[in-house]
Structure formats: structure tokens, C-alpha cells
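Q: This is the structure alone, sequence omitted:
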């Protein structure tokens, strides 16, 4: 499974756009990139997934350059409730051995 | 969307006793479930992979005799912490695969806060 590196923490203010970048230099050809959000004392929640270029849903955008060695989660106009830990994961299905290996995550703190 | 129900949400037990945590997939079948442990301010750490109808696969360093996993049906996996000690106090989270969420569709339970006193 590809190792991921993210900033440990980030601060932002309400209403700003937040971009969290994750590097995954050893990403494999069939790997997908998935981002999860975790609030204290809760399980992680799926945010967005992509393979290449750009993916957008109702809560976030995911930008993946052509070499796929990094990805950027973009949260538009954050609010205080977006304060959470964000995890970037890289992996794919490989027979029956499907696992997620969590890196350190990024603690995003949104300030008023 | 897919829901994984985990119970109890928090439990306090005495040292030396056993605690069972349940993880249920609602409205979908999960042949494989995963159990994680998370200590304060740390990331999730995979403990074991639970396979329906067969033995669980444990990660290195996880005592299989202490953390008993049973996956007797396609919708239920249980984790039993046997002879719990204060160092077993942690946040335990289960997850299951469900492919309507995304290609890599993992849904997580809400977690169980275990405190051993």
C-alpha cells in the first residue's frame, strides 16, 4: 500500500477555501485516492474519491495531477463545523485483501 | 447510503473482565469487515480483518487470543476484548466494504470508546 504524507495541522478562517495536499510518491497504477473526515469520537466519513484529474461533489473537490504523485483536497468556504481530521488514503482492490492504511491525517482547525 | 452500526458507543469495564463490541452492516452484506483501534491524538491502526465464515487475520503485534473476532453472518462481526486491562482503553472502530458508495467503498461504524478501570 502506498504511503501518504500530509501536513499534521492547518488553520483557516470561516468562509475561506482550504486546500490540503497529500503526497503519495509510490502510488500504483490501479490505486485510487480517497479522502475521509473524522470528528472526535466518531468513525471516519467518506468525503471524495478520485483516480486522476479533477473530481467534484457537493462537499469538496479533489485535484490530481497527471503524475498522480500527489492530490489536493479542496474545501470551499469552510465553516466551524469543518474542524476535523482529514485523512488521505491510497489503495486499490487486490483480490480479497482490501485494506485501508491510515496515515497521520491533517487536523484542520477553522477559526471564527 | 450504506450504514454500519456499531454498539455500544461507549463502555466502562473493570480490569480482568471481557467486553464484546458488535458491528452490523445495515441493508447490505459484508463478507469482510475490519477492526481498527485509535488512541488519543493518533491515527487509526488496523487490528484485524474479519472474514465471514473463516478465521480473522490479525495484524502483527495484535494478540489474537486477547482480541477475539467472530464473523458468523454476512451482516455481523464482533470483537471481544478478553481480560481487559487499562492499557486496552481505546477507541475501537469497525468498517465494511459496500460498493455503492465509491469504487473503494468503505463505510465506518461510529466507534466504541472502551475504558478499563
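A: Ah, there it is. Keep in mind it's a predicted model, so treat the numbers as computed, not measured. Numbers count the residues shown, from 1 in each chain, chains lettered A, B, ... in the order given.
Q: List phi and psi for residue B:112.
A: Residue B:112 adopts backbone torsions of phi -130, psi 120, taken as degrees, to the nearest 10.
Q: now residue A:28: how far from residue A:69?
A: 12 Å (CB to CB, to the nearest Å). C-beta: built from backbone N, CA, C; applies to glycine.
Q: Same check on residue A:62?
A: Applying CB to CB to residue A:62 and residue A:69 gives a distance of 15 Å.
Q: What count of nearby residues applies to residue A:45?
A: 15 (other CB atoms under 10 Å in any protein chain shown).
Q: I figured residue B:76 hits residue B:20, correct?
A: No. At 11.4 Å, residue B:76 does not count as touching residue B:20 under the criterion of CB atoms under 8 Å.
Q: Give the bridge partners for residue B:93, please.
A: Under DSSP bridges, the beta-bridge partners of residue B:93 are residue B:36.
Q: what number of residues lie near it?
A: What residue B:93 shows, counting by other CB under 10 Å, is a neighbour count of 26.
Q: try residue A:35
A: 25.
Q: Residue A:79 now?
A: Neighbours around residue A:79, by other CB under 10 Å: 11.
Q: Same check on the one 10 residues further on?
A: When neighbours are defined as other CB under 10 Å, residue A:89 has 25 of them.
Q: element containing it?
A: strand A:84-91 (DSSP states H and E).
Q: what does that strand rub up against?
A: A:1-2, A:4, A:6, A:20, A:22, A:24, A:27, A:31-39, A:44, A:47, A:71, A:73, A:98-103, A:105-108, B:43-44, B:104 (CB atoms under 8 Å, 6 or more residues apart in numbering or on different chains).
Q: and the residues you listed, which are buried?
A: A:1-2, A:4, A:6, A:20, A:22, A:24, A:27, A:31-38, A:44, A:47, A:71, A:73, A:99-100, A:102-103, A:105-108, B:44, B:104 (16 or more other CB atoms under 10 Å in any protein chain shown).
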